[in-house]
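Q: Got a predicted structure here, sequence first:
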Amino acid sequence: MKTLGDLLSTEAREDYFFNMNTPATKSNVEAFDIAMKLMSVVHSDVLFNNVEDGGTCNLDSVYIKLKGRRKSFIKLIQDITGLELYHHPYYRGAYIIAYDYAGQADRRASHVKFIYDELTSRGLDVNVYYQID
């Protein structure tokens, strides 16, 4: 049985490639599917408004592994999602996803864990970058 997300993704994919006059190559379709999965948690920061934000400040972030992908592939994901993907400072082929993370301490850590769990469950190769401020 198809979920609403599956149907939206299929319709959105068709609309995107038709309206943007972009060829629906295998690589472009894969970039679009990754972008849809990344967008599934874009506004999830509101879920953490009631989480206590105590503890030390940190810059925890989620990063996605896209080793071996062309710059045009990364740019297409950025264009579709409106998110910035920054080169990871230590891991080649990994990109830190610039979501609007909630809070700056425990709230941010909870939000990052939520995003990691969601994207992992959707089949993306992601991990968490921990950096204390």
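A: Here it is on my side, so go on. Since the structure is predicted, the reported quantities are computational estimates derived from the model, not experimental observations.

Q: CA only for contacts and neighbour counts going forward, please
A: Fine.

Q: Tell me who's in contact with the residue nearest the centre of the chain.
A: By Cα atoms, centre = their mean, the chain has its centre lying nearest to L38, at 3.2 Å. By Cα atoms under 8 Å, 6 or more residues apart in numbering, the residues touching L38 are 81, 119.

Q: Remind me which helix or strand it belongs to.
A: helix 26-39 (DSSP states H and E).

Q: could you point out which element follows that helix?
A: In N-to-C order, the element after helix 26-39 by DSSP H and E is strand 61-65.

Q: What is that following strand packed up against?
A: Secondary-structure packing of strand 61-65 (3 or more Cα pairs under 8 Å, 6 or more residues apart in numbering; DSSP states H and E): strand 94-97, helix 106-121, strand 126-129.

Q: partners of the last one in the sheet?
A: Pointing back at strand 126-129 there. According to DSSP bridges, strand 126-129 forms sheet pairs with strand 61-65 (antiparallel).

Q: which secondary structure elements does whichever helix or strand comes after the partner strand contact?
A: Next in sequence after strand 61-65, counting helices and strands by DSSP H and E, comes helix 71-81. Packing contacts for helix 71-81, counted by 3+ Cα pairs under 8 Å, 6+ apart, involve helix 26-39.

Q: between the helix it packs on and helix 106-121, how many degrees?
A: Per axes from the mean of the first three to the mean of the last three Cα atoms, to 10 degrees, the angle that helix 26-39 makes with helix 106-121 is 140 degrees.

Q: in helix 26-39, what counts as buried?
A: 28, 31-39 (16 or more other Cα atoms under 10 Å).

Q: Can I get stretch 64-75 in PDB? Just the C-alpha atoms.
A: C-alpha atoms of stretch 64-75 as PDB (Å, rounded to 0.1, in the frame of the first residue of the first chain):
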ATOM      1  CA  ILE A  64      24.700  13.100   4.700                       C
ATOM      2  CA  LYS A  65      27.300  10.900   2.900                       C
ATOM      3  CA  LEU A  66      27.300  11.500  -0.800                       C
ATOM      4  CA  LYS A  67      30.800  10.400  -1.700                       C
ATOM      5  CA  GLY A  68      31.500  10.200  -5.400                       C
ATOM      6  CA  ARG A  69      28.700  12.500  -6.400                       C
ATOM      7  CA  ARG A  70      29.200  15.300  -8.800                       C
ATOM      8  CA  LYS A  71      28.800  18.900  -7.800                       C
ATOM      9  CA  SER A  72      25.800  19.200 -10.100                       C
ATOM     10  CA  PHE A  73      24.100  16.400  -8.100                       C
ATOM     11  CA  ILE A  74      24.700  18.300  -4.800                       C
ATOM     12  CA  LYS A  75      23.600  21.500  -6.400                       C
END
